[in-house]
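quick one, what's the 3D model for this:
(chains A and B)
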Amino acid sequence: MTRYLLVLVPILALTACASRNSAITESDSQVHVRQMQTRIYDSLDKSDTLRSVLATLQDLGFVIDTADYEMATITATRLQEYELRVTVTVKDRKNNQLAVRANARVDDQLIDDPHTYQDFFTVLDKAIFLTRHNVN
Amino acid sequence: MRKPVVHSSSRQLFVLPTLLVFSNLLSSCGTTQPEYFSPSQSSVAARKMQARVFSSVEEPDVMSAAAAVLQDMGYTIDEVELPLGVISASKRANATSRLQAFGSLTLDSMKCAFTFLIACDGARYGEIDDVQDIRLTIVSMPKGNGDVTVRVTIQRRIYDKRGRLSEQSTISDADVYESLFAKLSKSVFLEQQGI
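Next up, the predicted model:
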(Lines give C-alpha, C1' and ligand atoms only; values in the text may rest on other atoms or scores of the structure.)
Protein backbone atom coordinates (compact mmCIF):
# COMPACT_ATOMS: atom_id res chain seq x y z
CA MET A 1 0.00 0.00 0.00
CA THR A 2 2.71 2.45 1.01
CA ARG A 3 4.62 1.47 -2.12
CA TYR A 4 1.61 2.51 -4.26
CA LEU A 5 1.31 5.75 -2.37
CA LEU A 6 4.99 6.45 -2.89
CA VAL A 7 4.45 6.13 -6.65
CA LEU A 8 1.04 7.85 -6.80
CA VAL A 9 1.81 10.99 -4.82
CA PRO A 10 4.72 12.21 -7.00
CA ILE A 11 2.71 11.42 -10.17
CA LEU A 12 -0.26 13.44 -8.88
CA ALA A 13 2.03 16.28 -7.85
CA LEU A 14 3.67 16.27 -11.28
CA THR A 15 0.37 16.27 -13.20
CA ALA A 16 -1.03 19.07 -11.02
CA CYS A 17 2.09 21.08 -11.73
CA ALA A 18 1.89 20.34 -15.46
CA SER A 19 -1.77 21.41 -15.77
CA ARG A 20 -1.08 24.57 -13.77
CA ASN A 21 1.84 25.45 -16.00
CA SER A 22 -0.10 24.77 -19.19
CA ALA A 23 -2.26 27.82 -18.35
CA ILE A 24 0.79 30.03 -18.87
CA THR A 25 1.02 29.43 -22.61
CA GLU A 26 -2.40 27.99 -23.48
CA SER A 27 -4.10 29.30 -26.61
CA ASP A 28 -6.51 28.24 -29.27
CA SER A 29 -5.29 28.24 -32.89
CA GLN A 30 -3.42 31.55 -33.15
CA VAL A 31 -4.87 32.38 -36.57
CA HIS A 32 -8.42 31.69 -35.37
CA VAL A 33 -7.95 33.78 -32.20
CA ARG A 34 -6.56 36.72 -34.17
CA GLN A 35 -9.37 36.59 -36.71
CA MET A 36 -11.99 36.55 -33.97
CA GLN A 37 -10.44 39.43 -32.05
CA THR A 38 -9.49 41.73 -34.95
CA ARG A 39 -11.38 44.11 -37.16
CA ILE A 40 -9.90 46.09 -40.06
CA TYR A 41 -10.87 49.73 -40.57
CA ASP A 42 -10.27 51.75 -43.73
CA SER A 43 -8.70 55.21 -43.90
CA LEU A 44 -8.81 55.99 -40.20
CA ASP A 45 -6.51 58.15 -38.16
CA LYS A 46 -4.65 56.26 -35.38
CA SER A 47 -5.27 58.96 -32.79
CA ASP A 48 -8.99 59.17 -33.60
CA THR A 49 -9.24 55.39 -33.44
CA LEU A 50 -7.56 55.23 -30.03
CA ARG A 51 -9.81 57.99 -28.73
CA SER A 52 -12.81 56.09 -30.06
CA VAL A 53 -11.60 53.00 -28.23
CA LEU A 54 -11.42 55.04 -25.02
CA ALA A 55 -14.97 56.35 -25.60
CA THR A 56 -16.16 52.79 -26.24
CA LEU A 57 -14.57 51.47 -23.07
CA GLN A 58 -16.03 54.29 -20.98
CA ASP A 59 -19.44 53.72 -22.57
CA LEU A 60 -19.14 50.12 -21.42
CA GLY A 61 -18.24 51.20 -17.86
CA PHE A 62 -14.49 50.51 -17.88
CA VAL A 63 -11.75 52.30 -15.97
CA ILE A 64 -8.53 52.68 -17.98
CA ASP A 65 -5.51 50.91 -16.45
CA THR A 66 -2.93 51.90 -19.07
CA ALA A 67 -2.99 53.85 -22.30
CA ASP A 68 -0.01 54.30 -24.59
CA TYR A 69 -0.19 56.30 -27.80
CA GLU A 70 3.18 55.16 -29.17
CA MET A 71 2.38 51.47 -28.75
CA ALA A 72 -1.31 52.17 -29.48
CA THR A 73 -2.34 49.94 -26.59
CA ILE A 74 -5.10 50.48 -24.05
CA THR A 75 -5.91 48.16 -21.14
CA ALA A 76 -9.03 48.60 -19.03
CA THR A 77 -10.99 46.92 -16.21
CA ARG A 78 -14.67 46.75 -15.36
CA LEU A 79 -15.78 45.65 -11.92
CA GLN A 80 -19.17 44.04 -11.47
CA GLU A 81 -19.96 40.71 -9.85
CA TYR A 82 -17.03 39.70 -12.01
CA GLU A 83 -13.79 41.40 -13.10
CA LEU A 84 -13.66 41.99 -16.85
CA ARG A 85 -10.27 43.01 -18.29
CA VAL A 86 -9.64 43.95 -21.89
CA THR A 87 -6.62 45.06 -23.93
CA VAL A 88 -7.15 46.87 -27.22
CA THR A 89 -4.34 47.44 -29.71
CA VAL A 90 -4.30 49.44 -32.93
CA LYS A 91 -1.86 48.54 -35.70
CA ASP A 92 -1.04 50.14 -39.02
CA ARG A 93 -1.59 47.94 -42.05
CA LYS A 94 -0.98 48.33 -45.76
CA ASN A 95 -3.27 50.48 -47.92
CA ASN A 96 -4.01 53.04 -45.25
CA GLN A 97 -5.81 50.50 -43.08
CA LEU A 98 -5.81 50.00 -39.32
CA ALA A 99 -6.27 46.72 -37.46
CA VAL A 100 -8.01 47.00 -34.10
CA ARG A 101 -7.64 43.96 -31.87
CA ALA A 102 -9.34 43.33 -28.53
CA ASN A 103 -8.73 40.43 -26.15
CA ALA A 104 -10.63 39.97 -22.92
CA ARG A 105 -10.81 37.83 -19.78
CA VAL A 106 -13.49 37.46 -17.15
CA ASP A 107 -11.99 36.56 -13.78
CA ASP A 108 -9.84 33.52 -14.60
CA GLN A 109 -11.62 32.72 -17.87
CA LEU A 110 -10.63 33.63 -21.41
CA ILE A 111 -13.46 35.06 -23.51
CA ASP A 112 -13.46 32.92 -26.65
CA ASP A 113 -16.98 33.60 -27.86
CA PRO A 114 -16.87 35.40 -31.27
CA HIS A 115 -20.21 37.12 -30.56
CA THR A 116 -18.75 38.87 -27.54
CA TYR A 117 -16.02 40.40 -29.70
CA GLN A 118 -18.60 41.28 -32.38
CA ASP A 119 -20.56 43.15 -29.69
CA PHE A 120 -17.42 45.10 -28.77
CA PHE A 121 -16.75 46.09 -32.39
CA THR A 122 -20.39 47.10 -32.87
CA VAL A 123 -20.02 49.62 -30.03
CA LEU A 124 -16.63 50.70 -31.40
CA ASP A 125 -18.12 51.25 -34.89
CA LYS A 126 -20.60 53.69 -33.39
CA ALA A 127 -17.89 55.50 -31.40
CA ILE A 128 -15.71 55.79 -34.53
CA PHE A 129 -18.67 57.20 -36.44
CA LEU A 130 -19.27 59.79 -33.69
CA THR A 131 -15.56 60.70 -33.49
CA ARG A 132 -15.40 61.14 -37.27
CA HIS A 133 -18.34 63.49 -37.15
CA ASN A 134 -17.07 65.23 -34.04
CA VAL A 135 -20.11 64.37 -31.94
CA ASN A 136 -19.26 63.63 -28.32
CA MET B 1 -43.33 -14.17 -39.89
CA ARG B 2 -44.30 -11.69 -37.23
CA LYS B 3 -42.07 -8.81 -36.49
CA PRO B 4 -41.06 -8.49 -32.88
CA VAL B 5 -43.36 -5.99 -31.22
CA VAL B 6 -41.92 -3.49 -28.87
CA HIS B 7 -44.43 -2.68 -26.19
CA SER B 8 -45.24 0.99 -25.89
CA SER B 9 -44.27 1.07 -22.23
CA SER B 10 -40.77 -0.31 -22.86
CA ARG B 11 -40.41 1.95 -25.91
CA GLN B 12 -41.22 4.95 -23.72
CA LEU B 13 -38.63 3.76 -21.29
CA PHE B 14 -36.07 3.94 -24.07
CA VAL B 15 -37.28 7.07 -25.86
CA LEU B 16 -37.70 9.34 -22.86
CA PRO B 17 -34.11 9.23 -21.60
CA THR B 18 -32.82 9.59 -25.19
CA LEU B 19 -34.96 12.69 -25.69
CA LEU B 20 -33.79 14.07 -22.40
CA VAL B 21 -30.15 13.56 -23.30
CA PHE B 22 -30.60 15.20 -26.70
CA SER B 23 -32.53 18.17 -25.35
CA ASN B 24 -29.84 18.60 -22.75
CA LEU B 25 -27.13 18.51 -25.38
CA LEU B 26 -29.01 20.99 -27.55
CA SER B 27 -29.64 23.40 -24.71
CA SER B 28 -25.99 23.27 -23.69
CA CYS B 29 -25.02 24.08 -27.29
CA GLY B 30 -27.35 27.06 -27.24
CA THR B 31 -25.80 28.57 -24.14
CA THR B 32 -23.69 31.59 -24.91
CA GLN B 33 -21.56 33.76 -22.67
CA PRO B 34 -23.22 36.79 -21.07
CA GLU B 35 -23.26 39.92 -23.20
CA TYR B 36 -20.20 41.58 -21.70
CA PHE B 37 -19.85 44.23 -24.41
CA SER B 38 -23.46 45.11 -25.02
CA PRO B 39 -24.12 48.68 -23.96
CA SER B 40 -26.85 48.74 -21.35
CA GLN B 41 -30.05 50.63 -22.03
CA SER B 42 -28.96 53.18 -19.45
CA SER B 43 -25.69 53.98 -21.24
CA VAL B 44 -27.03 57.31 -22.54
CA ALA B 45 -28.04 58.30 -19.00
CA ALA B 46 -24.65 57.10 -17.72
CA ARG B 47 -22.82 59.20 -20.30
CA LYS B 48 -24.85 62.25 -19.27
CA MET B 49 -23.96 61.64 -15.63
CA GLN B 50 -20.26 60.93 -16.29
CA ALA B 51 -19.45 63.63 -18.86
CA ARG B 52 -19.24 67.44 -18.94
CA VAL B 53 -18.27 69.90 -21.66
CA PHE B 54 -15.73 72.62 -20.85
CA SER B 55 -15.86 75.64 -23.15
CA SER B 56 -13.02 77.83 -24.42
CA VAL B 57 -10.24 75.83 -22.81
CA GLU B 58 -7.28 73.91 -24.24
CA GLU B 59 -7.11 70.14 -23.71
CA PRO B 60 -3.70 70.18 -21.90
CA ASP B 61 -5.12 72.76 -19.45
CA VAL B 62 -8.08 70.49 -18.68
CA MET B 63 -5.69 67.55 -18.17
CA SER B 64 -3.52 69.60 -15.86
CA ALA B 65 -6.59 70.76 -13.91
CA ALA B 66 -7.77 67.16 -13.68
CA ALA B 67 -4.43 65.98 -12.29
CA ALA B 68 -4.51 68.81 -9.75
CA VAL B 69 -8.05 68.01 -8.62
CA LEU B 70 -7.11 64.34 -8.19
CA GLN B 71 -4.24 65.44 -5.95
CA ASP B 72 -6.68 67.73 -4.08
CA MET B 73 -8.79 64.65 -3.31
CA GLY B 74 -5.80 62.60 -2.19
CA TYR B 75 -5.46 60.33 -5.20
CA THR B 76 -2.14 59.11 -6.56
CA ILE B 77 -1.79 59.13 -10.33
CA ASP B 78 -1.29 55.65 -11.83
CA GLU B 79 -1.35 56.47 -15.53
CA VAL B 80 -1.11 59.60 -17.66
CA GLU B 81 -1.11 59.63 -21.45
CA LEU B 82 -1.32 63.18 -22.71
CA PRO B 83 -1.67 62.37 -26.46
CA LEU B 84 -4.84 60.42 -25.66
CA GLY B 85 -6.14 62.63 -22.85
CA VAL B 86 -6.08 59.86 -20.25
CA ILE B 87 -5.44 60.11 -16.50
CA SER B 88 -6.06 57.18 -14.15
CA ALA B 89 -5.67 57.42 -10.40
CA SER B 90 -6.42 55.50 -7.24
CA LYS B 91 -6.60 55.75 -3.47
CA ARG B 92 -7.31 53.51 -0.50
CA ALA B 93 -9.85 54.97 1.89
CA ASN B 94 -11.86 53.99 4.95
CA ALA B 95 -15.06 52.06 4.19
CA THR B 96 -16.38 51.50 7.71
CA SER B 97 -20.02 52.27 8.31
CA ARG B 98 -20.85 53.01 11.96
CA LEU B 99 -24.30 51.48 11.57
CA GLN B 100 -22.89 48.25 10.14
CA ALA B 101 -20.22 48.12 12.89
CA PHE B 102 -22.80 48.71 15.62
CA GLY B 103 -25.11 46.00 14.25
CA SER B 104 -22.30 43.45 13.96
CA LEU B 105 -20.92 44.18 17.44
CA THR B 106 -24.40 43.84 18.94
CA LEU B 107 -24.97 40.48 17.22
CA ASP B 108 -21.55 39.20 18.29
CA SER B 109 -22.17 40.25 21.91
CA MET B 110 -25.59 38.58 21.94
CA LYS B 111 -24.18 35.35 20.51
CA CYS B 112 -21.38 35.45 23.10
CA ALA B 113 -23.84 36.00 25.97
CA PHE B 114 -26.38 33.37 24.84
CA THR B 115 -23.71 30.68 24.46
CA PHE B 116 -22.28 31.50 27.92
CA LEU B 117 -18.99 32.81 26.46
CA ILE B 118 -18.43 29.64 24.38
CA ALA B 119 -18.96 31.23 20.94
CA CYS B 120 -17.24 34.59 21.35
CA ASP B 121 -15.55 34.45 17.96
CA GLY B 122 -16.37 37.96 16.72
CA ALA B 123 -17.44 36.40 13.39
CA ARG B 124 -19.77 39.25 12.46
CA TYR B 125 -17.20 41.88 13.35
CA GLY B 126 -14.76 40.29 10.87
CA GLU B 127 -17.34 40.80 8.11
CA ILE B 128 -17.55 44.55 8.65
CA ASP B 129 -16.42 46.62 5.64
CA ASP B 130 -13.00 48.03 6.45
CA VAL B 131 -11.22 49.68 3.51
CA GLN B 132 -12.03 50.52 -0.10
CA ASP B 133 -9.73 50.80 -3.10
CA ILE B 134 -11.13 53.47 -5.40
CA ARG B 135 -9.93 53.76 -9.02
CA LEU B 136 -10.99 56.31 -11.56
CA THR B 137 -10.23 57.42 -15.10
CA ILE B 138 -10.61 60.90 -16.51
CA VAL B 139 -10.59 61.07 -20.32
CA SER B 140 -10.65 64.35 -22.21
CA MET B 141 -11.81 64.56 -25.79
CA PRO B 142 -11.47 67.79 -27.81
CA LYS B 143 -14.51 68.68 -29.88
CA GLY B 144 -14.07 70.44 -33.18
CA ASN B 145 -15.43 73.78 -31.95
CA GLY B 146 -12.79 74.39 -29.27
CA ASP B 147 -14.76 72.75 -26.46
CA VAL B 148 -13.41 69.77 -24.53
CA THR B 149 -15.57 66.90 -23.27
CA VAL B 150 -14.38 65.29 -20.04
CA ARG B 151 -15.69 61.88 -19.02
CA VAL B 152 -15.09 60.11 -15.72
CA THR B 153 -15.60 56.45 -14.78
CA ILE B 154 -15.14 55.33 -11.17
CA GLN B 155 -15.03 51.88 -9.58
CA ARG B 156 -14.16 50.43 -6.22
CA ARG B 157 -13.39 47.28 -4.28
CA ILE B 158 -14.39 47.02 -0.63
CA TYR B 159 -12.56 44.68 1.77
CA ASP B 160 -13.78 43.52 5.18
CA LYS B 161 -11.81 43.44 8.46
CA ARG B 162 -10.43 40.01 7.54
CA GLY B 163 -9.12 41.34 4.24
CA ARG B 164 -11.68 39.47 2.16
CA LEU B 165 -13.24 41.14 -0.88
CA SER B 166 -16.79 42.04 0.13
CA GLU B 167 -17.91 44.09 -2.88
CA GLN B 168 -16.67 45.32 -6.25
CA SER B 169 -18.64 47.68 -8.43
CA THR B 170 -18.77 50.65 -10.76
CA ILE B 171 -20.00 53.81 -9.06
CA SER B 172 -23.38 54.87 -10.42
CA ASP B 173 -24.27 57.50 -7.83
CA ALA B 174 -24.91 60.75 -9.72
CA ASP B 175 -24.00 62.86 -6.66
CA VAL B 176 -20.43 61.52 -6.72
CA TYR B 177 -19.91 62.62 -10.32
CA GLU B 178 -21.65 65.94 -9.65
CA SER B 179 -19.29 66.64 -6.76
CA LEU B 180 -16.24 65.66 -8.81
CA PHE B 181 -17.19 67.90 -11.74
CA ALA B 182 -17.86 70.83 -9.40
CA LYS B 183 -14.31 70.46 -8.09
CA LEU B 184 -12.92 70.01 -11.61
CA SER B 185 -14.66 73.19 -12.79
CA LYS B 186 -13.08 75.06 -9.91
CA SER B 187 -9.72 73.50 -10.72
CA VAL B 188 -9.96 74.54 -14.40
CA PHE B 189 -10.75 78.08 -13.24
CA LEU B 190 -7.80 78.08 -10.83
CA GLU B 191 -5.47 76.73 -13.55
CA GLN B 192 -6.61 79.45 -15.95
CA GLN B 193 -5.95 82.07 -13.26
CA GLY B 194 -2.55 80.50 -12.63
CA ILE B 195 -3.38 79.69 -9.01
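
which parts of stretch B:104-118 are buried?
Across stretch B:104-118, burial judged by 16 or more other Cβ atoms under 10 Å in any protein chain shown covers B:S104, B:D108, B:K111. Yep, even glycine has a C-beta here, placed from its N, CA and C like the rest.

mark which of these are part of helices, please.
Counting by DSSP state H, those place B:S104, B:D108, B:K111 in helices.

quick revisit: could the buried residues of stretch B:104-118 go into JSON lines alongside distance to B:K48 and pLDDT?
Compiled in JSON lines, the buried residues of stretch B:104-118 are given as follows (distance: Cβ to Cβ, whole Å; pLDDT from 0 to 100):
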{"residue": "B:S104", "distance to B:K48": "38", "pLDDT": "77"}
{"residue": "B:D108", "distance to B:K48": "44", "pLDDT": "77"}
{"residue": "B:K111", "distance to B:K48": "47", "pLDDT": "77"}
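
out of those residues, which is nearest to chain A?
Closest approach between those and chain A, by Cβ to the nearest Cβ: B:S104, at 23.3 Å.

contacting residues around that closest one?
B:R124, B:Y125, B:E127, B:I128 (Cβ atoms under 8 Å, 6 or more residues apart in numbering or on different chains).

so the residue nearest the centre of chain A: helix, strand or coil?
In chain A, the residue lying closest to the centroid (Cα atoms, centre = their mean) is A:N103, at 1.2 Å. For A:N103, the assignment made with DSSP: H, G, I helix; E, B strand; the rest coil gives strand.

ok, it to chain B distance?
Distance, A:N103 to chain B, by Cβ to the nearest Cβ, to the nearest Å: 12 Å.

so who does that residue touch?
With contacts defined as Cβ under 8 Å, 6+ apart, the neighbours of A:N103 are A:V33, A:Q37, A:V86, A:T87, A:I111.

over to A:E70?
A:E70 neighbours (Cβ under 8 Å, 6+ apart): none.

quick one: secondary structure of it?
coil.

check it and give its pLDDT.
On pLDDT, A:E70 comes in at 94.

return the backbone torsion pair for it.
The phi and psi values for A:E70, taken as degrees, to the nearest 10, are phi -60, psi -50.

what do you get for B:L117?
According to degrees, to the nearest 10, B:L117 has phi 70, psi 10.

can you tell me the closest non-neighbouring residue to B:G85?
In this structure, B:G85 finds its nearest non-sequential neighbour in B:S140, 3.8 Å apart by Cβ to Cβ, 6 or more residues apart in numbering or on different chains.

beta partners for that neighbour?
Going by DSSP bridges, B:S140 is paired in beta bridges with B:V150.

list the contacts of it.
B:E59, B:V62, B:M63, B:A66, B:G85, B:V148, B:T149, B:V150.

mind giving me the PyMOL select for the contacts of B:S104, buried ones only?
A single PyMOL command is used to select the members of those judged buried by 16+ other Cβ under 10 Å:
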select buried, chain B and resi 124+125+128
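
what about the contacts of B:S104, which are in strands?
Among these, no member falls in strands (DSSP state E).

can you name the residues of chain B that neighbour chain A?
Neighbours of chain A within chain B, by Cβ under 8 Å from any Cβ of the partner chain: B:32-33, B:35-39, B:43, B:46-47, B:50-51, B:53, B:78-79, B:81, B:83-86, B:88, B:135-137, B:139, B:141, B:143-145, B:149, B:151, B:153-157, B:168-170.

would you map the strands across chain B?
Using DSSP E, strands in chain B cover B:51-54, B:76-81, B:86-94, B:129-142, B:148-160, B:165-170.

which residue ranges of chain A form helices?
Listed in chain order, the helices found in chain A under DSSP H are A:2-25, A:30-37, A:46-59, A:114-132.

just these: most buried one?
Of all the helices of chain A, helix A:46-59 carries the top mean neighbour count, a mean of 23, counting by mean count of other Cβ atoms under 10 Å in any protein chain shown.

got the contact list for that one?
With Cβ under 8 Å, 6+ apart, helix A:46-59 has contacts from A:41, A:64, A:67, A:69, A:72, A:74, A:76, A:86, A:88, A:90, A:92, A:98, A:100, A:120, A:123-124, A:127-128, A:130-132, A:136, B:39, B:43, B:46-47, B:50, B:83-86, B:137, B:139, B:141, B:151, B:153.

now with 6 Å?
Residues from elsewhere that reach helix A:46-59 (Cβ atoms under 6 Å, 6 or more residues apart in numbering or on different chains): A:74, A:76, A:88, A:90, A:98, A:123-124, A:127-128, A:131, B:39, B:43, B:84, B:139, B:141, B:151, B:153.
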